[in-house]
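Colleague: can you look at this prediction? I've put the sequence above it.
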Amino acid sequence: MVCGGFICTKNALCALNIVYVLVGLLLIGVAGWGKWLDLVSSIRVVAGVIGVGVFLFVVAFVGLCGALKHHQVLLFFYMIILFIVFVVQFSVSCACLALNKEQQNRLLEVGWNKSEATQGDLEKTLNCCGFHFVPVNGSCAARCFHNTPMTCNTCSESIQQYAGGVLQFVGGIGLFFSFTEILGVWLAHRYRNIKDPRTNPGAFL
């Protein structure tokens, strides 16, 4: 059996979905580990990462079951869901790679204003206070604030030192995985239309 036949396509689809299962479990584990060590106190962030991990795990499990059983319905829904994920992820990845400094700053400020818990995490981790201004008469979780508040940098300065590189990294990783997703769609489509050589040659698929 040459590569591209029934067995080779099945093995490639199974291998791809096993990778997705491992990535999903990794996301769930990292989120749980971060919460357990109190690295991230925001429940929304932890829940979001765990939600993405669970979603990826479920989609990969559906694809794996469909590949092992050559199940037409499971493979069809797997293709549709994976294609939608590809479109969303490809769009977000391109947006991350295309953002300029001003757009990055606006996006970071929106994220900053949405959660006080995330603000505290960033102030503690980056040793900074406030986004644009240091709240001299307010509260701050940074170490520098308890010593000499006026020596603290604003968090916009600290975050922007890493934001460009992080967005490039996230965009690149997302773009890479989006192409593996379109590969999964192609493999699932091809696999659905190949007859199982172990079945009756006259049977449809």
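Modeller: That came in fine, so what should we check first? Residues are numbered from 1 along each chain as shown.

Colleague: and residue 179, what's its pLDDT?
Modeller: Looking at residue 179, its pLDDT is 90.

Colleague: so for this structure, the centremost residue is which one?
Modeller: Closest to where the C-alpha atoms of the chain average out (C-alpha atoms, centre = their mean) is residue 52, at 6.6 Å.

Colleague: which one is that one nearest to, not counting chain neighbours?
Modeller: In this structure, residue 52 finds its nearest non-sequential neighbour in residue 27, 5.9 Å apart by C-beta to C-beta, 6 or more residues apart in numbering. Just so you know, the C-beta spots here come from the backbone N, C-alpha and C atoms, and that holds for glycine as well.

Colleague: picking that back up, any idea how far the residue nearest to the centre of the chain lies from residue 174?
Modeller: Shown here: residue 52 relative to residue 174, a distance of 12 Å by C-beta to C-beta, to the nearest Å.

Colleague: re earlier: so which strand or helix has the residue nearest to the centre of the chain?
Modeller: Here residue 52, judged by DSSP states H and E, is contained in helix 43-69.

Colleague: can you name the element that comes right after that helix?
Modeller: Toward the C-terminus from helix 43-69 - assigned by DSSP H and E - lies helix 72-98.

Colleague: wait, what's in contact with the residue nearest to residue 133 when sequence neighbours are not counted?
Modeller: Nearest non-adjacent residue to residue 133, counting by C-beta to C-beta, 6+ apart: residue 154, 6.5 Å away. For residue 154, the contacting residues are 128, 129, 130, 131, 132, 133, 134, by C-beta atoms under 8 Å, 6 or more residues apart in numbering.

Colleague: now the angle between helix 43-69 and the helix or strand residue 106 falls within, please.
Modeller: In this structure, residue 106 sits in helix 101-114 according to DSSP H and E. Relative orientation of helix 101-114 versus helix 43-69 (axes from the mean of the first three to the mean of the last three C-alpha atoms, to 10 degrees): 110 degrees.

Colleague: what helices or strands is helix 101-114 leaning on?
Modeller: Helices and strands touching helix 101-114, by 3 or more C-beta pairs under 8 Å, 6 or more residues apart in numbering; DSSP states H and E, are helix 116-126, helix 155-192.

Colleague: quick one: the following helix or strand past the first one to chain centroid distance?
Modeller: Toward the C-terminus, helix 116-126 is succeeded by helix 143-147 as the next helix or strand (DSSP H and E). Averaging C-alpha positions (C-alpha atoms, centre = their mean, to the nearest Å) puts helix 143-147 34 Å from its chain's average.
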